[in-house]
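Student: return atomic coordinates for the entry below.
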Amino acid sequence: MSDPTSNSQGHVLADALDRVAPALVLLQVDLEGRPRLATGLVWKAADGLIATTSRLFRDAEARDLAIQVRGADGKPRRGTLVGRDEATELALVRVEDTAGLADAELATQPLRVGTFVAPAARTDLGLRVALGLVKGLGPAWVTSGGGAVDQRIDVEGELPPGFAGGPLIDFGGRVHGLNVRGLVQGGTTLPVSTVSRVVDALAQGATTASGHLGVGIRELELPAHAVAGVTPPLTDPRGLLVTWVGQGSAAAQAGLQVGDVLIRIDDRDTPDHAHLIAALSGKAGAPVSVLFLRHGRAEVVQATPGARTPRGDEAHAGAHHARGATRSSARACGTEAVWGRGPGAFWAQVARHWGVR
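Tutor: You can find the predicted model right below:
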């Protein structure tokens, strides 16, 4: 006989947790005799794939570690690490024994500010859940390691211990993302679209490393006439002025020059630095199509980005070189422009050429 109060308001969250529970697992690795635990989310039960946090494997040769996975049935399973992406703090584990594992229901409707949500976890003490509130949603952003995240999801409160690697669910038990701890103080949630992209790449053995063009950039607002013929139209009338091109870099080999304005990488617009890094996410060693403006005309070149180093940030890696290049160019123009202290006369001339401010 069913519980007559199971659909009452007081049981909504409990019912949501019950619905996602078959997809929640507890992962354990032992480092120097000390167990390290994290929650995991069954991503593709048929293939035994489990998404979790890469922090579970930090400071360890994880491929040589014994990974123990326990699901709702409590049965221990041996897991192996498929891959990890430190830039997004995601990792993928595979188990051969898939009996009793089930896929979670992924949300198809977007979150709304003010929606009640819940981070869920399976810990050594059993199922755990916390109540949260979506206090804000933002645009795509880039982690300090160069990982592209499709949307910022800000949930009120800090992520409780043991919840990293677990899902953020709504009151219908649908998964809206995976919770991680290290990217933002207090933890944050990676949306399903980001998790899916990274997990798919890891499962296929593809690189998740961000690409590096080797250019210095400066954000510019573009007049309507400068991008009137661009197809499809830009969603944001801004671009990235190339201020420096590294010798032997991917940009140099592709023929990009100082004064070009980058506006799109493949199918992603590049109105700012964050969008450029997002467009180059997972593109190290893979050819990309670069759409840019030169002397009032849109042109396209093919470039093969190199791997991004910890300091291989397009806006900052070339800062020292950009300063030198700017001073050299400025002197040639008879000015004293210095990068980082305003546009100066040299960049003012470039800006006037493009009709931008």
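Student: quick one: low-confidence ranges for this structure?
Tutor: Across the chain, the stretches falling below the confidence threshold (pLDDT under 70) are 1-10, 60-64, 207-209, 308-357.
Student: now the helices: where do they sit in it?
Tutor: For the chain, the helices defined by DSSP state H occupy 12-20, 192-203, 250-254, 273-279, 319-332, 344-354.
Student: without its sequence neighbours, what residue ends up closest to residue 79?
Tutor: Distances taken as CB to CB, 6 or more residues apart in numbering put residue 67 closest to residue 79, at 3.8 Å, once the chain neighbours are dropped. (Glycine included, C-beta is placed from N, CA and C.)
Student: again with residue 123
Tutor: Residue nearest to residue 123 in three dimensions, not counting chain neighbours: residue 162, with 4.3 Å by CB to CB, 6+ apart.
Student: and the gap between that neighbour and residue 278?
Tutor: Distance, residue 162 to residue 278, using CB to CB, to the nearest Å: 30 Å.
Student: looking at the two, which one has more neighbours?
Tutor: residue 278 (23 against 17; other CB atoms under 10 Å).
Student: my read: that one touches residue 268, true?
Tutor: Yes: under the criterion of CB atoms under 8 Å, residue 278 is in contact with residue 268, at a separation of 6.6 Å.
Student: quick one: residues contacting the residue nearest to residue 79.
Tutor: Neighbour list for residue 67: 27-29, 78-81, 93 [criterion: CB atoms under 8 Å, 6 or more residues apart in numbering].
Student: of all the residues you listed, which comes closest to residue 173?
Tutor: Each of those was scored against residue 173 by CB to CB, and residue 27 proved nearest at 21.1 Å.
Student: tell me which stretches of the stretch 151-300 of the chain form strands.
Tutor: Here the stretch 151-300 of the chain has its strands, by DSSP state E, counting those that start in this stretch, at 152-155, 167-169, 175-180, 188-191, 211-212, 215-221, 238-245, 261-265, 268-269, 288-294, 297-303.
Student: got a markdown table for these, with mean neighbour count too?
Tutor: Output for the strands of the stretch 151-300 of the chain, formatted as a markdown table (neighbours: other CB atoms under 10 Å):
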| stretch | mean neighbour count |
| --- | --- |
| strand 152-155 | 19 |
| strand 167-169 | 28 |
| strand 175-180 | 26 |
| strand 188-191 | 25 |
| strand 211-212 | 26 |
| strand 215-221 | 21 |
| strand 238-245 | 24 |
| strand 261-265 | 24 |
| strand 268-269 | 18 |
| strand 288-294 | 19 |
| strand 297-303 | 14 |
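Student: save these as CSV, and put in distance to residue 121 too.
Tutor: Formatted as CSV, the strands of the stretch 151-300 of the chain follow (distance: least, CB to CB, whole Å):
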stretch, distance to residue 121
strand 152-155, 14
strand 167-169, 9
strand 175-180, 8
strand 188-191, 13
strand 211-212, 34
strand 215-221, 40
strand 238-245, 41
strand 261-265, 37
strand 268-269, 34
strand 288-294, 38
strand 297-303, 42
